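> Pasted the sequence and its predicted model underneath.
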Amino acid sequence: LILYSITTANPQDSLAMVDLYNSTNGPGWLNNTNWLSPKPLTTWFGITQRRGKITDLKLVQNNLSGTIPVSIGNLIHTGTIYLRNNKLTGSIPSSIGNLFSLLNLDLSYNQLNGTIPLTFNNIPNFGVLTLSYNQLTGSIPNNFNSSNLSALELDHNQLTGSLPDNLGDWVHLSGLILNDNKLTGNIPSSIGRFTFISSIDLSNNQLTGSIPDSITNLKPPFSTLRLSNNQLTGRIPDSLIKISKNGADIELNGNKLSGPIPSLKSADFMFRLYLQDNSFTFEGIEPLIASPPSVQNPLLYSPQAVIPIIKTGNLISVSAGGTLANDTFRLYRDNILLKTQVGDSSFAITTAGKYYVTVTNSVATQLT
């Protein structure tokens, strides 16, 4: 027969909490009820204890300031640590990698800097890792234990480097939120191996290359794909229709995508599609408008990148794609309209000046 005291705490847990109180300005917390008092640890605000061991530490939006002490790595029986929405500074202690029972860690909305500790790879059953809205640098560790990781939220930091090639090995991931960093390189093809994911947000980075065809393997509950404001090039995969049929919101704006746009008319559910600020011409947009999918109204596809003028002798011309008969070309010299032509993009130039041409389309009427 083993008897557990409900009042006596594990000594190393107690000492770690004393360190936390002292290093994060405990007297200035919004709620520090019973902290550093002789009362049982179970009565200290934000602490859950079982059999003398701290299992949960939740001090959310409690005005903690200062640094996280190294001794937090002594809470080896703790499953949840929530310290979000405080004023914590300094780096994340690598000692957190000692917490073999840790399931959920949320340090978001602080002022933490430095890198994500490689020791996080030692945590065997990570479920949710949220480090959003800090000032973290360096790359994303590529060996997070994949068995239980269900949410990875590292957005709004200063992370660099490429996405891990084995991204798709985190098969139980439901949310991959990496937007607003400085990530570079290609989107790995392994991204199509996710089984339960509902949201992918890689927007506002510096990703290059094309959208991998494998991304269209994603199945319900997948509902959100955000790739906007990167440097992606090439065509939209034809099989994107598989995602749109699920009613997913698709944000591709702010890239360098070009070429024809896949037919999305057979989408079963209304979805949102953002295509503006790319390099599409009427070649891509006109068929989309002629056979519109069930998207938000209006469909957003303007503006697009400027098309270069071709000069041959005293002739200038421009190709804006689509059906030529649907295109209206307007020639300007020194910002004054000189001539308007339908279905003919060539203009003879006889007078010196600064020229440009605008092209509109009778089908894709938003875009000039």
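Received the coordinates, thanks.

> Can you list the low-confidence ranges for the stretch 251-368 of the chain?
In the predicted model, the stretch 251-368 of the chain carries pLDDT under 70 at residues 264-271, 290-298.

> Where do the helices of it begin and end?
Applying DSSP state H, counting those that start in this stretch to the stretch 251-368 of the chain gives helices spanning 282-290.

> Same question for the stretch 51-200 of the chain.
Secondary structure of the stretch 51-200 of the chain (DSSP H, counting those that start in this stretch): no helices present.

> Output stretch 13-33 as CSV, nothing but the C-alphas.
Only the C-alpha atoms of stretch 13-33 are listed here, as CSV (Å, rounded to 0.1, in the frame of the first residue of the first chain):
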residue,chain,number,x,y,z
ASP,A,13,9.1,20.9,-8.4
SER,A,14,8.8,23.4,-5.5
LEU,A,15,12.3,24.8,-6.0
ALA,A,16,11.6,25.2,-9.7
MET,A,17,8.5,27.2,-8.9
VAL,A,18,10.4,29.4,-6.5
ASP,A,19,12.9,30.1,-9.3
LEU,A,20,10.1,30.9,-11.7
TYR,A,21,8.5,33.3,-9.3
ASN,A,22,11.8,35.1,-8.6
SER,A,23,13.0,35.3,-12.3
THR,A,24,9.7,36.6,-13.7
ASN,A,25,8.9,39.3,-11.1
GLY,A,26,6.4,37.3,-9.1
PRO,A,27,5.3,40.3,-6.9
GLY,A,28,4.2,42.0,-10.1
TRP,A,29,2.0,39.2,-11.4
LEU,A,30,-1.7,39.9,-11.8
ASN,A,31,-2.4,36.9,-9.7
ASN,A,32,0.2,35.3,-7.4
THR,A,33,-2.2,33.8,-4.9
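
> Other residues contacting that stretch?
Contacts of stretch 13-33 with the rest of the structure, by C-beta atoms under 8 Å, 6 or more residues apart in numbering, involve 35-36, 41, 43-47, 52-54, 59, 61-69, 71-72, 74-75, 77, 86, 88. (C-beta placed from N, C-alpha, C; glycine too.)

> Tell me the span between the first and last residue of stretch 216-226.
With C-alpha to C-alpha, to the nearest Å as the measure, stretch 216-226 spans 13 Å from end to end.

> Check stretch 159-167 too.
Using C-alpha to C-alpha, the end-to-end distance of stretch 159-167 comes out at 16 Å.

> Now, of the contacts of stretch 13-33, which are buried?
By neighbour count, with 16 or more other C-beta atoms under 10 Å, the contacts of stretch 13-33 hold 35, 41, 44, 46-47, 52-54, 59, 62-69, 71-72, 74-75, 77, 86, 88 as buried.

> Now do the strands in the stretch 51-200 of the chain.
Using DSSP state E, counting those that start in this stretch, the strands found in the stretch 51-200 of the chain span residues 53-58, 65-67, 80-82, 87-89, 104-106, 113-115, 128-130, 135-137, 151-153, 175-177, 184-185, 199-201.

> mind putting those strands in a markdown table, mean pLDDT and distance to residue 305 included?
Shown next, in a markdown table, are the strands of the stretch 51-200 of the chain (pLDDT from 0 to 100; distance: least, C-beta to C-beta, whole Å):
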| stretch | mean pLDDT | distance to residue 305 |
| --- | --- | --- |
| strand 53-58 | 96 | 48 |
| strand 65-67 | 98 | 46 |
| strand 80-82 | 98 | 44 |
| strand 87-89 | 98 | 42 |
| strand 104-106 | 97 | 40 |
| strand 113-115 | 97 | 36 |
| strand 128-130 | 96 | 36 |
| strand 135-137 | 98 | 32 |
| strand 151-153 | 95 | 32 |
| strand 175-177 | 95 | 28 |
| strand 184-185 | 98 | 21 |
| strand 199-201 | 94 | 24 |
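
> Put together a markdown table for these, with distance to residue 166 on each row.
Compiled in a markdown table, those are given as follows (distance: least, C-beta to C-beta, whole Å):
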| stretch | distance to residue 166 |
| --- | --- |
| strand 53-58 | 31 |
| strand 65-67 | 32 |
| strand 80-82 | 26 |
| strand 87-89 | 30 |
| strand 104-106 | 21 |
| strand 113-115 | 19 |
| strand 128-130 | 16 |
| strand 135-137 | 21 |
| strand 151-153 | 13 |
| strand 175-177 | 13 |
| strand 184-185 | 14 |
| strand 199-201 | 16 |
